[in-house]
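> Quick one, what's the 3D model for this:
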Amino acid sequence: MTSAEDQARLKAIEVALETRWPETAIEPTLERIAALVDILGSPQLSYPTIHIAGTNGKTSTARMIDSLLFNIGMRTGRYTSPHLESFLERISINGLPIDSKDFIFAYNDIALYLDLMDKKFETPISYFEAMTALAFVAFAEFPVDIGVIEAGMGGEWDASNVVEAAVSVITPIGFDHMAYLGNTLTEIARTKSGIIKEGSNVVLAQQQPDVATELMRRVAQVGANVAREGVEFSLTSRNVAVGGQLLTVKGLGGVYEDIFLPLHGKHQGENAATALVAVESFFGGQELDQEAVRTGFAQVASPGRCEVVHRDPTIILDAAHNPHGAKALAQTLENEFTFDEIIGVVGVFADKEVEEILRELEPIVNTLIVTESISPRALPVEDLARIAMKIFEPDRVIIEPRLQKAITSAISAAKSAENNESVGIVITGSVTTVGQSRAIIKGIENE
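So this is what the prediction gives:
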């Protein structure tokens, strides 16, 4: 239990961090973060790391890698972003969010250095740079045996790219953040490939041909050792099971059968294969203990990723915020759930490919409730409704500006349906929409 004093201190720290340069407004350079970690004594170099970039699946893959390593017997530190409900979620130690006191201690360690860097550079240290440095320091102070580090945006100039990773992982690359990463998949891949270091081990998830070509060009340039999904490793079988799926993975060192993964979707099965091979690569490509692998995957959770959070009616949260993610969500709902009808609650950011996201959802969503999260980046509900009505028939679109009312309306509609057990509710569109929804649903369940 966090004391009232610690809660107040955490709130003050959160406010201080949020007044910094926002993580969504990027100045592409490593200059500030490099200077910051240098003055902190390069904590990110005091333990080996696995570094993960890509467009979709990064957080789920990071969580799987973390769980595997922990069950093998290692002390783990995991850094992911963004968070769903609490900013403490971004920094995890041994699979759990960092303890409040440990976070406060780490922040107090670096606060003066943040101020010093603010004075040294024209652009101050950003929220993301500060959180990244906090994670590096917290992992060094714990200490961890290994850090699992997710890149925030891009790769080459992402603040996390001051690590010297033993293994670099690139999950599927698609269109997102084009204002910073480029307007073609080749440009985006080139930026993300910047995490691949000279002589390192690289694990590449299945990619589109032009992306694969660009990534392999980088691999050749730096002389890295590569493991490619579909070539050096593969997901050889996948069967839907109660509460998840049963997998067989052909890795670098062996074949792993009867792996239960409590997550839904073929994409999560593929993420699991990538995660497994990343851990194999860390240990030199040798076969891992089969029971540790099974236990590690069985314990994986990925909140907000096709997550069932409520029954009667069934409510699923998914943080899909780009067309690739929306397509994976639609395929999972169609292939692994038996709903006769789906009510979608959608709130998106204004800088996303909104029309493409809705086109992916249209075939599987019967009724669409458009809404708006509390984020200042949220697309106004009137604008979202206008786009939605071009894709869905107008009588399938309901406008509800407040997310809480959108959720309660969806629940009422599902319960009043003739066969309410066959009606599912899917809440999606952004991480913020999903995070806010989690809190709302908890409140409804506690009423």
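> Please count neighbours and contacts with C-alpha atoms only from this point.
OK.
> Run a quick check on Arg296 versus Arg63, I expect a contact.
No, residue 296 isn't Arg; it's Gly. No - using Cα atoms under 8 Å, Gly296 makes no contact with Arg63, being 10.0 Å away.
> Comparing the two, which residue is more hemmed in?
Set side by side, Gly296 and Arg63 show more neighbours around Arg63, with 27 against 24, by other Cα atoms under 10 Å.
> Ala301 is in contact with the more buried one, correct?
Yes - between Arg63 and Ala301 there is a contact under Cα under 8 Å: 7.3 Å.
> what's the domain layout of this protein?
4-298, 307-445 (automatic domain parsing).
> With mean pLDDT added, can I get those in JSON lines?
What follows is the domains of the chain, written out as JSON lines (pLDDT from 0 to 100):
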{"stretch": "domain 4-298", "mean pLDDT": "94"}
{"stretch": "domain 307-445", "mean pLDDT": "94"}
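> ok, which stretches of the stretch 151-300 of the chain are helices?
178-181, 185-192, 209-222, 266-282, 290-298 (DSSP state H, counting those that start in this stretch).
> so which of those helices comes closest to Leu30?
helix 185-192 (13.2 Å; Cα to Cα).
> what residues does that closest one touch?
If you take Cα atoms under 8 Å, 6 or more residues apart in numbering as the criterion, helix 185-192 is touched by 53-54, 154-157, 170, 173-175, 178, 181-182, 210-211, 214-215, 218.
> Could you do stretch 303-312 as well?
60, 84, 263-264, 314-320, 329, 415, 420-421, 431, 434-435, 438, 441.
> So which of those belong to helices?
Among the contacts of stretch 303-312, the members falling in helices are 60, 329, 415, 431, 434-435, 438, 441 (criterion: DSSP state H).
> Reformat those residues as a markdown table; add distance to Leu30.
Output for the ones in helices among the contacts of stretch 303-312, formatted as a markdown table (distance: Cα to Cα, whole Å):
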| residue | distance to Leu30 |
| --- | --- |
| Ser60 | 26 |
| Leu329 | 34 |
| Lys415 | 52 |
| Val431 | 26 |
| Val434 | 31 |
| Gly435 | 30 |
| Arg438 | 34 |
| Ile441 | 40 |
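> between these, which is nearest Glu341?
Nearest to Glu341 among the ones in helices among the contacts of stretch 303-312, with distances taken as Cα to Cα, is Lys415, at 12.0 Å.
> That closest one: neighbour count?
17.
> residues in contact with it?
Contacts of Lys415 (Cα under 8 Å, 6+ apart): 312-313.
> Swap in 7 Å and give it another go.
For Lys415, the contact set (Cα atoms under 7 Å, 6 or more residues apart in numbering) comprises Pro313.
> returning to that earlier point: closest to Glu198 out of the ones in helices among the contacts of stretch 303-312?
Ser60 (26.1 Å).
> Can you classify the residue lying closest to the closest one once chain neighbours are set aside by secondary structure?
Nearest in space to Ser60, with sequence neighbours left out and distances taken as Cα to Cα, 6 or more residues apart in numbering, is Ser302 at 5.7 Å. The three-state label given to Ser302 by DSSP: H, G, I helix; E, B strand; the rest coil is coil.
> What does the pLDDT read for Ser302?
Ser302 is assigned 92 on the pLDDT scale.
> Which strand residues bridge Val346?
Val370, Thr428 (DSSP bridges).
> Distance of it relative to Ile387?
12 Å (Cα to Cα, to the nearest Å).
> For these two, indicate the residue with more neighbours.
Of the pair Val346 and Ile387, Val346 is the one with more neighbours under other Cα under 10 Å, namely 25 against 14.
> Tell me where the stretch 101-250 of the chain has strands.
Secondary structure of the stretch 101-250 of the chain (DSSP state E, counting those that start in this stretch): strands located at 146-150, 167-170, 201-204, 225-228, 234-241, 244-250.
> got the buried residues for the one helix or strand Ala413 maps to?
Using DSSP states H and E, Ala413 falls within helix 403-416. Using 16 or more other Cα atoms under 10 Å as the test for burial, helix 403-416 gives 403-404, 406-407, 409-411, 413-415.
> and what of stretch 356-366?
Those would be 357-362, 364-366, for stretch 356-366 by 16+ other Cα under 10 Å.
> Ala8 sits in which helix or strand?
helix 4-18.
> Off-centre distance for the helix or strand following that helix?
Once the chain leaves helix 4-18, the next helix or strand it forms, by DSSP H and E, is helix 31-39. Distance of helix 31-39 from the chain centroid (Cα atoms, centre = their mean, to the nearest Å) equals 25 Å.
> same check, this time on stretch 276-284
21 Å.
> Show residues contacting that stretch.
Against stretch 276-284 from outside (Cα under 7 Å, 6+ apart): 65, 166-167, 169, 201, 203, 251-252, 286-288.
> now these: which count as buried?
So, by 16+ other Cα under 10 Å, the buried ones in the contacts of stretch 276-284 are 65, 166-167, 169, 201, 203, 251-252, 287-288.
> how about those residues in a markdown table, adding distance to Pro48?
Output for the buried ones among the contacts of stretch 276-284, formatted as a markdown table (distance: Cα to Cα, whole Å):
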| residue | distance to Pro48 |
| --- | --- |
| Ile65 | 14 |
| Ala166 | 6 |
| Val167 | 9 |
| Val169 | 14 |
| Asn201 | 13 |
| Val203 | 16 |
| Gly251 | 22 |
| Leu252 | 20 |
| Glu287 | 20 |
| Leu288 | 18 |
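> Out of the residues you listed, which comes closest to Ile374?
Out of those, the member with the shortest distance to Ile374 (by Cα to Cα) is Ile65, at 31.9 Å.
> Could you report the neighbour count for the spatially closest residue to that closest one that is not a sequence neighbour?
Excluding the flanking residues, the one nearest Ile65 by Cα to Cα, 6+ apart is Ala275, at 5.2 Å. Close neighbours of Ala275, defined as other Cα under 10 Å, add up to 28.
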